[in-house]
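K.L.:
Quick one, what's the 3D model for this:
(chains A and B)
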Amino acid sequence: MKNSISQIKKALIEKKISVGELYDEYLAKAKSGNSNSFNLVIDRENNISSINDSQNRYDNGNPLPLDGIPLGIKDLFCTKGIRTTASSKILSNFIPNYESFVTQQLLNDGSIFIGKNNCDEFAMGSSNETSYFGPVINPWKNKNTQKDNLVPGGSSGGSAAAVAEGSCVASMGTDTGGSIRQPASLCGIVGLKPTFGSCSRWGIVAFASSLDQAGPLTNCVEDAAYVLNSINKHDFNDSTSSNHQREDYLIDINNSFEKKIKIGIPSDYLEDVSDDISNQIDNTKKALSKHGIEFVDVKFKTTEYALSTYYILAPAEASSNLARYDGIRYGFREDGESLDDIYLNSRTKGFGDEVTRRILIGTYVLSAGYYDAYYRQAQKVRRLIKNDFQRILNKVDFILTPTTPNEAFKIGDKLDPISMYKNDIYTVPTSLAGLPGISIPSGLSKNGLPLGVQFIGNYFEEKSLLQLAALAEKELSFNE
Amino acid sequence: MSDIDIKRISYLAKLKLPPEKEEFYSNSLKDIIKWVDNLKKVDTSKTEPLHNVTEKTVSIRNDEVSKSNSVDDILRNAPERAQNFFKVPKVVE
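P.N.:
Residues are numbered from 1 along each chain as shown, chains lettered A, B, ... in the order given. Presented below is the predicted three-dimensional model:
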């Protein structure tokens, strides 16, 4: 088992290891790994003042909440003075002059960044195969086809693989339609997407602004609470950042629930799933029933429209957000004779196939004559999806679903975009509703690959969601 | 669904698709648009569009001046600069 943040902090406090030694240990793994999970690693010299400051705080007996913890950061967060590429050619030379809100909180709490994690280009993908820097390889192997390299999921695939292989303690990811939860599930780790509006989007390279949300990928639920405590704060720089009072997510995380808990299982999600997937739900149900938790069948009315709604709204927002990449102010420029030629050449050469495809879809659904039929209709259906979740969450405290419809697949296996998009069938509806969701490892498939289940809670109720996930984790945990 | 004019869409998106890839994107777009077409059968005549899921009001901050983003910092990432400006080809004759 890998060490948790609280175990590592204990070792640092008891001087069993120094901050520098800890950093070196993870850095060596990050450098020697062949999973391609980092676009960039930061050598000890470049972090030396942070390492020394952190060690001083331990020596003086007043360490910060995440002091000395080596973290991976998805290469979608702007990090001051550190190259930030969104795994795209068009940003391949971009060095931000400011720090994203979320990563600034992590730095304020003493953590040290070990590098920038590979991801799908502009976070558009479910397998990490769209990255300009090449695919990430899942540290797990199918026991029946040991030679095959498998995808880690996406888009936070580098983050998930890095945590799973132990080259960082935890990683910050982003989730637009499942980009934290799906790779966490395929790599056998924990992934939390907080409620939309919890963690500021300021300084995160924008994909679909009404859906994008930052969250942690960690080895255990308690670690997710550690990171959430740091990053979940109101920020004036993000107009959708909620200014509600935040709780301490670590306190009471291991307590049992005071009231009786009821969890809904959507039967419509489980039609046509494989035995591997239905076993995850059955096992979770069995494990939690022992704790007096009641399970009821619930049925959504809007599931069949969720992916269509998402694949109109997300590309529409992306086509607008990605209009800023023009080769003039920052990023990659391909020369041309006129200003217009520079725009056209830089964008055409700078974006990969999947990003180009999504810009085209978005441009089409927003174009004159199609706006009402597609974009506006999708926004209306989004409200129906949100209402549908609210109807269910009036009857139950949480919803339990599989995280993914399948285990990790072979790199290069899914060439058709629609079959790739269907990977997010269980995570996209939650994103559209803006609700928090957490994926935790729930068991292994017949091929010996990790699978996860997703718990969905009500708006801003991450505290009880983490409490439930911690309880389930104790029952379901498996060793590699 | 009407036909998709891939040349027009790519022009609007400021993308210059190589001719040999036009068909690839055109077919891909057609497949996806056909796939999302099921939304048309949903009755939304009484439904308002949803822009922001939490539908909370924006918080107001004090209007205080702070220093950030110096010209040099910003221009450091520019592909081409001339003094304090981004440099582009001549736009007016």
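
K.L.:
Excluding covalently adjacent residues, which one is nearest to A:Ser87?
P.N.:
A:Ser131 (3.9 Å; Cβ to Cβ, 6 or more residues apart in numbering or on different chains). (Each C-beta comes from the backbone N, C-alpha and C, glycine too.)

K.L.:
Verify the stated contact: the one you found with A:Ala86.
P.N.:
No: contact between A:Ser131 and A:Ala86 fails when scored by Cβ atoms under 8 Å: they sit 9.4 Å apart.

K.L.:
Compare those two (neighbour count), which wins?
P.N.:
A:Ala86 (32 against 28; other Cβ atoms under 10 Å in any protein chain shown).

K.L.:
Chain neighbours aside, what residue packs nearest to the closest residue to chain A within chain B?
P.N.:
Closest approach between chain B and chain A, counting by Cβ to the nearest Cβ: B:Val53, at 3.0 Å. Nearest residue to B:Val53 in three dimensions, chain neighbours excluded: A:Gly434, at 3.0 Å (Cβ to Cβ, 6+ apart).

K.L.:
Tally up the residues packed near the one you found, please.
P.N.:
Neighbour tally, A:Gly434, other Cβ under 10 Å: 25.

K.L.:
pretty sure it contacts A:Lys193?
P.N.:
No: with contacts counted by Cβ under 8 Å, A:Gly434 stays clear of A:Lys193, the gap being 9.9 Å.

K.L.:
Run through the helices of chain B in chain order.
P.N.:
B:6-12, B:19-35, B:71-75 (DSSP state H).

K.L.:
Same list, those, but as a markdown table with mean neighbour count please.
P.N.:
A markdown table is the format used below for the helices of chain B (neighbours: other Cβ atoms under 10 Å in any protein chain shown):
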| stretch | mean neighbour count |
| --- | --- |
| helix B:6-12 | 17 |
| helix B:19-35 | 15 |
| helix B:71-75 | 13 |
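
K.L.:
Can you tell me which of those helices is nearest to A:Lys141?
P.N.:
Judged by Cβ to Cβ, the one of the helices of chain B that comes nearest to A:Lys141 is helix B:19-35, at 31.7 Å.

K.L.:
how about whatever residue of the stretch 51-200 of chain A ends up closest to chain B, phi and psi?
P.N.:
Residue of the stretch 51-200 of chain A nearest chain B, by Cβ to the nearest Cβ: A:Asn97 (4.1 Å). In terms of degrees, to the nearest 10, the main-chain angles of A:Asn97 are phi -100, psi 20.

K.L.:
before we move on, what about A:Lys31?
P.N.:
Phi and psi for A:Lys31, reported as degrees, to the nearest 10, are phi -80, psi -30.

K.L.:
Could you find the closest non-adjacent residue to it?
P.N.:
A:Val41 (5.9 Å).

K.L.:
I'd assumed A:Ser32 was in contact with that neighbour.
P.N.:
No: applying Cβ under 8 Å as the test, A:Val41 and A:Ser32 come out as separate, 10.5 Å apart.

K.L.:
Looking at the two, which is more packed in?
P.N.:
A:Val41 (19 against 9).

K.L.:
For the stretch 151-300 of chain A, which residues are neighbours of chain B?
P.N.:
Within the stretch 151-300 of chain A, the residues that sit near chain B (Cβ under 8 Å from any Cβ of the partner chain) are A:Thr195, A:Phe196, A:Gly197, A:Ser210, A:His234, A:Phe236, A:Ser239, A:Thr240, A:Ser241, A:Ser242, A:Asn243.

K.L.:
closest to A:Gly448 among these?
P.N.:
Relative to A:Gly448, the closest of those is A:Thr195; by Cβ to Cβ it sits at 34.3 Å.

K.L.:
centroid residue for chain B?
P.N.:
For chain B, the residue nearest the mean C-alpha position is B:Ala13 (7.6 Å; Cα atoms, centre = their mean).

K.L.:
Hmm, it is touching A:Ile359, no?
P.N.:
Yes: with contact defined as Cβ under 8 Å, B:Ala13 counts as touching A:Ile359 (5.0 Å).

K.L.:
Next, count neighbours for residue 14.
P.N.:
You didn't say which chain, so I picked chain A. 9.

K.L.:
you looked at the wrong chain, it should be chain B
P.N.:
17.

K.L.:
Over to A:Arg391?
P.N.:
12.

K.L.:
Next one: A:Lys305 from chain B, what distance?
P.N.:
Check again: residue A:305 is Tyr, not Lys. 6 Å (Cβ to the nearest Cβ, to the nearest Å).

K.L.:
and that residue, what helix or strand is that in?
P.N.:
Element membership for A:Tyr305, per DSSP states H and E: helix A:303-321.

K.L.:
May I have the phi/psi pair for the closest residue to A:Asp75 other than its chain neighbours?
P.N.:
Setting aside the residues directly before and after it, A:Asp75 is nearest to A:Lys116 in space (Cβ to Cβ, 6+ apart), at 4.0 Å. When quoted as degrees, to the nearest 10, the phi and psi of A:Lys116 stand at phi -110, psi 120.

K.L.:
Show me what A:Lys116 bridges to in the sheet.
P.N.:
Per DSSP bridges, the residues bridged to A:Lys116 are A:Leu40, A:Ile73.

K.L.:
avg pLDDT for the following helix or strand past the helix holding A:Tyr305?
P.N.:
Stepping forward along the backbone from helix A:303-321, the first helix or strand reached (DSSP H and E) is helix A:339-350. Across helix A:339-350, pLDDT averages out at 97.

K.L.:
Next secondary structure element downstream of helix A:339-350?
P.N.:
helix A:353-366.

K.L.:
elements contacting that following helix?
P.N.:
Helices and strands touching helix A:353-366, by 3 or more Cβ pairs under 8 Å, 6 or more residues apart in numbering or on different chains; DSSP states H and E, are helix A:303-321, helix B:6-12, helix B:19-35.

K.L.:
The shortest one close to chain A?
P.N.:
By that I understand helix B:6-12. Yes: using Cβ under 8 Å from any Cβ, we find that helix B:6-12 touches chain A at B:Ile6, B:Ile9, B:Ser10, B:Leu12.

K.L.:
Can you name the residues that contact the residue of the stretch 351-480 of chain A found nearest chain B?
P.N.:
Closest to chain B within the stretch 351-480 of chain A is A:Gly434: 3.0 Å, counting by Cβ to the nearest Cβ. Contact partners of A:Gly434, counting by Cβ atoms under 8 Å, 6 or more residues apart in numbering or on different chains, are A:Thr195, A:Phe196, A:Gly197, A:Lys386, A:Tyr459, B:Val53, B:Thr54.
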